[in-house]
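> next come a sequence and a model predicted from it.
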Number of protein chains: 2
Amino acid sequence: MSILIVGTTALDSIKTPTQENPRLLGGSASHAAVAASFFSRVKLVGGVGEDFPKKYIALYRKHGIDLAGLQILPGRTFHWSGEYEINMNNRRTLATELGVIETFQPKLPDHYRGAPFVLLGNIAPALQLSVLDQMKKPKFVVADSMDLWINIALADLLELLKRVDGFVLNDSEAGLLTKEDNLFRALKKIHHLGPKYVIIKKGSHGSILSGPKGMFICPAYPLHTVEDPTGAGDSFVGGLMGYLAGARGSIDANLRRAMVYGSVTASFCCEGFGLNGTTKTKRTDIEKRVKELEKLTRF
Amino acid sequence: MSILIVGTTALDSIKTPTQENPRLLGGSASHAAVAASFFSRVKLVGGVGEDFPKKYIALYRKHGIDLAGLQILPGRTFHWSGEYEINMNNRRTLATELGVIETFQPKLPDHYRGAPFVLLGNIAPALQLSVLDQMKKPKFVVADSMDLWINIALADLLELLKRVDGFVLNDSEAGLLTKEDNLFRALKKIHHLGPKYVIIKKGSHGSILSGPKGMFICPAYPLHTVEDPTGAGDSFVGGLMGYLAGARGSIDANLRRAMVYGSVTASFCCEGFGLNGTTKTKRTDIEKRVKELEKLTRF
């Protein structure tokens, strides 16, 4: 089945202790869409400026991504630049130029509205809500977010949480949202806000699912080299939702494996700058790492 | 088979945001010995002062721990006091009174020298070496340590590492010892120092084994309440080594399950102050959580 993905479509300038790469293809929707494209057909919703390089349009197309919902708007593409510290865990934003994203309003082409799976990637919750308003009855909707929206758009985010099946956030965002440091208490509060499924990302420590079938502790694939972790969280949820959309059977039957596929897809993202790690990956590479993770965790 | 455990035998005064508990039974050897006692016969090596409460001797005995190697020395018992921050992850030492531990020299009773399993719990590496010198050919020796010894007794520690089968340390100590932040590079350097098996503890994120059979990602048992994490690392390695000593078959065949048993034993330690969480646990409670962990990680 197909999946609709909305989020930011951006240019990222990324500095690490060893390298500097200007104006790479980035943004939550780009990372999630390419990650999901390994498993199902993706319909992208986003907005870029007139400066958006044609090679990135070609990259989306190479991954079979439907671009009918990608608007090319007067002005410049959203540009983020950031710098990672030596251990690659902490990063600081050097500059954020919103460009066309400031006034972007998602408009869904007719053939998008019936997509059964919807990933509301990280973007302002008001825009995530606007996408949801334009959909016919989707089967499974998951939202991602970030600390910024918890801080400046909490009312919209809380409205959104009432209307989604699943919510993905990292452990520090879970603490910020719930004021709880214990995992169980934080999960309980988030479920109470609406989502039946809550997934807490812990970077290189893996992730945790909480849902009607209980909890699942999902491992991260251990990496020899982390080139650039930008977009790893988006790749995780993109891979996860893409796998779910492509799999037969119920959500509950597939969700644990979907998380493992998301985790593995994110591992490839970390091995290159921007989308370079992900785009050079093949489905067979993903299957191989999933099998390895089975071996690494069996007892 | 039996296991010899050396380490500190201490009194701990522990402050958390909600409680304060003075002069609890603590120390690396106490936590490890009680944890190991669920699975095999334990021979304790340590030194306490004349002030050491009789009730703690009774506690050791209740767990069937052989105390022939516990010296009661003129002076006061090693006393540590510390305070945990609100999230229970960071702690600071308020006072360290070495007492008899300053001049303690382990002396092994004859019937200790043939123990097939040896756990060199956290104590000065010179004392760990002295225990090793007194042993006949043990089958499997594992050492634990701490940042202090990496900082002030590195030469002794490096000497020790050449003579042990396994080494257990936490992720920040691995960084301190190897100056590497990548897991694989750190593990490679530690193996190069001697140990065939290296286990990196990551607290609530679980632990990692690296050995001849490859890597194992071991989950932590998720807890609703953490009362006091003091001794959790010692309980982990105590439970692990106790399980190995009690199990049939090769080290390689048992080590993954041994880590899971260690992880679960440590989870009980965190649920009470000092040893209160561990001592009220039964073997059946441990088995139940091991089964739960299987369910929590299966995909």
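Happy to help now that I have it.

> ok, now which ones touch the nearest residue to A:Ile251 once chain neighbours are set aside?
Spatial nearest neighbour of A:Ile251, excluding adjacent residues (C-beta to C-beta, 6 or more residues apart in numbering or on different chains): A:Phe140 at 5.8 Å. Where you see a C-beta, it was placed from the backbone N, CA and C, and this is true even at glycine. A:Phe140 makes contacts with A:116-118, A:165-166, A:244, A:251, as judged by C-beta atoms under 8 Å, 6 or more residues apart in numbering or on different chains.

> counting neighbours, which of those residues comes out on top?
A:Leu244 (29 neighbours; other C-beta atoms under 10 Å in any protein chain shown).

> so that one touches A:Phe117, yeah?
Yes. Counting by C-beta atoms under 8 Å, A:Leu244 does reach A:Phe117; the two are 6.4 Å apart.

> what confidence value was assigned to the residue nearest to A:Ile251?
Looking at A:Phe140, its pLDDT is 98.

> what bridges to it?
A:Phe117 (DSSP bridges).

> that older thread, just put the contacts of A:Phe140 in JSON lines and tack on pLDDT.
Converted to JSON lines, the contacts of A:Phe140 look like this (pLDDT from 0 to 100):
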{"residue": "A:Pro116", "pLDDT": "98"}
{"residue": "A:Phe117", "pLDDT": "98"}
{"residue": "A:Val118", "pLDDT": "98"}
{"residue": "A:Asp165", "pLDDT": "98"}
{"residue": "A:Gly166", "pLDDT": "98"}
{"residue": "A:Leu244", "pLDDT": "98"}
{"residue": "A:Ile251", "pLDDT": "97"}
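
> and which of those residues is nearest to A:Gly75?
For the contacts of A:Phe140, the minimum distance to A:Gly75 (C-beta to C-beta) is 27.0 Å, reached by A:Val118.

> which residues in chain A form strands?
Ranges of strands in chain A, per DSSP state E, are A:3-6, A:10-15, A:20-26, A:42-49, A:66-73, A:79-84, A:91-97, A:117-120, A:140-144, A:166-170, A:197-201, A:207-211, A:214-218.

> now the phi/psi pair for the residue in the stretch 1-150 of chain A positioned nearest to chain B, please.
Taking C-beta to the nearest C-beta, chain B has its nearest neighbour within the stretch 1-150 of chain A at A:Asn87, 4.6 Å off. Main-chain dihedrals, A:Asn87, degrees, to the nearest 10: phi -90, psi 0.

> now it, nearest residue through space, not along the chain?
B:Asp181 (4.6 Å).

> still on that earlier bit, export the strands of chain A to CSV and tack on distance to A:Ala186?
Formatted as CSV, these follow (distance: least, C-beta to C-beta, whole Å):
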stretch, distance to A:Ala186
strand A:3-6, 26
strand A:10-15, 29
strand A:20-26, 29
strand A:42-49, 30
strand A:66-73, 34
strand A:79-84, 27
strand A:91-97, 23
strand A:117-120, 21
strand A:140-144, 17
strand A:166-170, 10
strand A:197-201, 8
strand A:207-211, 9
strand A:214-218, 13
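
> residues in contact with the residue nearest to A:Asn87?
Residues near B:Asp181 by C-beta under 8 Å, 6+ apart: A:86-88, B:175.

> now stretch A:252-272: buried residues?
Using 16 or more other C-beta atoms under 10 Å in any protein chain shown as the test for burial, stretch A:252-272 gives A:254-272.

> actually, stretch A:185-200.
Using 16+ other C-beta under 10 Å as the test for burial, stretch A:185-200 gives A:186-187, A:190-191, A:193-195, A:197-200.

> quick one: A:Cys269 and B:Leu24, what's the gap?
Going from A:Cys269 to B:Leu24 by C-beta to C-beta, to the nearest Å gives 46 Å.

> how close does the residue nearest to the spatial centre of chain A get to A:Asp144?
Geometric centre of chain A, nearest residue: A:Asp234, 2.4 Å, by C-alpha atoms, centre = their mean. Using C-beta to C-beta, one obtains 7 Å as the distance from A:Asp234 to A:Asp144.

> where do the contact lists of those two overlap?
Contact criterion C-beta under 8 Å, 6+ apart; residues shared by A:Asp234 and A:Asp144: A:7, A:28, A:32, A:121-122.

> go back to the residues you listed and keep what's next to chain B.
The subset of the shared contacts of A:Asp234 and A:Asp144 within reach of chain B, counting by C-beta under 8 Å from any C-beta of the partner chain, is empty.

> which of these sit farthest apart?
Of all pairs drawn from these, the greatest distance, 8.7 Å, lies between A:Ala32 and A:Asn122 (C-beta to C-beta).
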